Every structure is written in C-alpha cells, then in structure tokens.
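1. sequence unavailable; structure follows:
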C-alpha cells in the first residue's frame, strides 16, 4: 500500500511570508486554490492506495473529500512549532491505521507539479528506501517518499541546516543506500515568497497551466497586489 500525504497549514496561518503582497483573506484564497490544483492532479492516477489530507481547517478537509482524499483533522491542542512533529504525528497515525508499505509527502504549494511526477516517484519508491525531490528555490525538500514510512526521520525543522542538507547528513549517518534524488524543476518549484509567486505566475503560462485555480487567482490579484505593495 502506497499512501500520499498532503499536510496543509491552518488557513489563517498559511503562507505568512506573502503578507507583503496579499491580505490575510487573499492568502487563504490562494492556499485553497493551490490545494484544489494539487488534488486535481492526483484525481485520475492510480499509483496511490489511499490519499490523506492532514489539516485543522474544516474547509480544506471538506474540499479534500471531493477529490477522493481521506481527511484527518489535526489536533491543535498538540500543535508544535516544530514542523517535524507535525509530519511525525500524521506518519504515526497512518502507520497505525493503514500499515502502508510506503508514503509520499507532498505540499500544496507545488504549483507546477504534473501527474507524471507522482507516477515516477511512486515507481521509484518500489525499489528505493527514500526518494527526495529537492526544492529548486532553496536547499529545501518539496517531496519526500519513504519505504517503509519509518525508514528515516524527516528534517524539515533542523535548527542548523536547510532541510535538504540536514536530510542528506542524516542519510549518511544512518547508512541508507537506496536513496534517489528526483531531479525535476516542475515538481521542485514551490512558492513561499513574493518573488517565487511572480515567477510562478509566468511559468504557469509557459507550461500552459492557465486553467488552474492558482493561475486564475494570480491573474485576478497579482498585478494589483504588487502595485500597491511596491
């Protein structure tokens, strides 16, 4: 059993670094648009036995059902500032409930990702312990697949190094051999800051992704937001 996991921040706390170009309400709208798009891209692929969304916001959980996801509500009373704890929480829940062979963690802000990437990573997980897609915008991680799910801890909240560097150091320490870096511009492109949003909008046009909810949102809101926030 291969399970896709998409953890989503509570909408009123999502993408706070974009508040220099979008209002709090617009960021909620943007996050929801990105989430709908990544769900849409997994709608007609059969490489996952189950798809899970982990979030505290009911609107996200409700939307996820429309795309065949199983919604799991995050317990905010146990909320930790350490994102690794969030990943560990959902991983433990899924291992206990479904006992999967492998899991793939992806994020809603991968606005250029294609169905092809999900299929290719799923195939790589059949032969490897760890598949990592590095972020093209930083030394971060855009997707991480583990087979089995407890093969290695994630390093999203390392205090000394970016997540990719910390993860590679932990791989060496643990002596993992079956590790693949999935090199993909589209799968590795995420949006966290103003410049990435602006570039991402142009790439959505270049890759003919103008029918996506993300593109429609940016077309309505991006130029005005930038003009008012110069």
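-> All right, it came through fine. Not measured: the values here are computed from a predicted model.
2. check which residues of the top helix by length along the chain are buried.
-> Using DSSP state H to define each element, the chain has its longest helix at helix 24-41. Buried residues in helix 24-41, counted by 16 or more other C-beta atoms under 10 Å: 26-39, 41. Where you see a C-beta, it was placed from the backbone N, CA and C, and this is true even at glycine.
3. repeat that for stretch 180-188.
-> Using 16+ other C-beta under 10 Å as the test for burial, stretch 180-188 gives 180, 182, 184, 186, 187, 188.
4. ok, which stretches of this protein are strands?
-> Assigned by DSSP state E, the strands in the chain fall at 2-7, 50-55, 70-73, 102-105, 130-134, 141-146, 179-181.
5. including distance to residue 111 and mean pLDDT, could the ones you listed go into CSV?
-> Formatted as CSV, the strands of the chain follow (distance: least, C-beta to C-beta, whole Å; pLDDT from 0 to 100):
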stretch, distance to residue 111, mean pLDDT
strand 2-7, 14, 96
strand 50-55, 17, 96
strand 70-73, 22, 96
strand 102-105, 17, 97
strand 130-134, 14, 97
strand 141-146, 11, 96
strand 179-181, 21, 97
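6. closest one to residue 153 among those strands?
-> Residue 153 lies closest, by C-beta to C-beta, to one member of the strands of the chain: strand 141-146, at 9.6 Å.
7. which residues does the one residue sitting closest to the centre of the chain contact?
-> Residue closest to the mean C-alpha point of the chain, counted by C-alpha atoms, centre = their mean, is residue 107 at 0.8 Å. Neighbouring residues of residue 107 by C-beta atoms under 8 Å, 6 or more residues apart in numbering: 6, 7, 38, 142, 143, 190.
8. ditto for residue 219
-> residue 201.
9. kindly report the same for residue 152.
-> 129, 130, 146, 167, 170, 171, 174, 176.
10. what about it, distance to residue 107?
-> 19 Å (C-beta to C-beta, to the nearest Å).
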